[in-house]
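1. structural data only, the sequence is not supplied:
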């Protein structure tokens, strides 16, 4: 992973990470993907990508039990 070269880049990276964490939390809580996109004010495709990743991980962890 590349190291950010400025404070602005660091803040942008932190902001994106916080958005992804917020999306994941809302998805786990059962909020619809369309509502998450409206709340976080991002593209529905990004929400879908994160939510699918969570579903795959949940499915994988349930299969191992």
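-> Received the coordinates, thanks. It should be emphasised that the depicted structure is a prediction, and the values quoted were computed from it without experimental measurement.

2. who's in contact with residue 19?
-> Shown in contact with residue 19 (C-beta atoms under 8 Å, 6 or more residues apart in numbering): 40, 42. Placement of C-beta: from N, CA and C, glycine included.

3. quick check: phi and psi at residue 41.
-> phi 60, psi 50 (degrees, to the nearest 10).

4. per-residue pLDDT of it, please?
-> Here, the pLDDT recorded for residue 41 equals 94.

5. residue 35 versus that one, what's the distance?
-> 12 Å (C-beta to C-beta, to the nearest Å).

6. neighbour count: those two, which is higher?
-> A count of neighbours by other C-beta atoms under 10 Å puts residue 35 above the other of residue 41 and residue 35, at 11 against 7.

7. buried residues in the one helix or strand residue 59 maps to?
-> Using DSSP states H and E, residue 59 sits within helix 44-64. Using 16 or more other C-beta atoms under 10 Å as the burial criterion, the residues of helix 44-64 that qualify are 46-47, 50-51.

8. now stretch 16-25
-> 19-20, 23-24.

9. from the chain's centroid, how far away is the one helix or strand in the chain whose mean pLDDT sits lowest?
-> Least confident helix or strand of the chain, by mean pLDDT, DSSP states H and E, is helix 44-64 with a mean of 82. Chain-centre distance of helix 44-64: 10 Å, with C-alpha atoms, centre = their mean, to the nearest Å.
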